[in-house]
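> generate coordinates for the sequence data below:
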Amino acid sequence: MKLALFLTALMAASPIYSQTGCAPREKVVDHLSSKYGETRQSMGLAHTHQNSVIEVFASSETGTWTITLTSPHGITCLVASGTAFDATPVPEGANL
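Numbers count the residues shown, from 1 in each chain. Below is the predicted model:
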């Protein structure tokens, strides 16, 4: 519930995300780069979402991160965002 409220507030504060939390991918990527210094750190296919692309953007300088979902039509939506990004690999067999 708190994440949903946070995302709603984030989307309302940024005109790029409008009321839907989505925009053309190029605009979202430009916004994450210019405002937060975030670049793509990883990506994968979300088969449960019609082969949409999931991406993790983050900044090692600011520690912010954003997870996005991009449809095959090029529309990108915010999924989650936060702080304290750490790119440390998790050792194989680690119990999280």
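
> end-to-end on stretch 65-75?
End-to-end distance for stretch 65-75, by CA to CA, to the nearest Å: 19 Å.

> quick check, distance from that stretch to the centre of its chain.
Its chain's C-alpha centre and that of stretch 65-75 lie 8 Å apart, by CA atoms, centre = their mean, to the nearest Å.

> model confidence over that stretch, on average?
Mean per-residue pLDDT for stretch 65-75: 95.

> so how far is Thr83 from the residue positioned nearest the centre of the chain?
Central residue of the chain (CA atoms, centre = their mean): Ile67, 2.2 Å from the mean position. In this view, Ile67 and Thr83 are 13 Å apart by CB to CB, to the nearest Å. All C-beta spots, glycine's among them, are computed from the backbone N, C-alpha and C.

> and Val53, what's its pLDDT?
Predicted confidence (pLDDT) for Val53: 95.

> could you do Leu96 as well?
pLDDT, Leu96: 61.

> same check, this time on Gln19
pLDDT, Gln19: 53.

> equivalent analysis for Glu92, please.
Reading off the model, Glu92 has pLDDT 84.

> kindly report the same for Ala46.
Value listed for Ala46 in the pLDDT field: 89.
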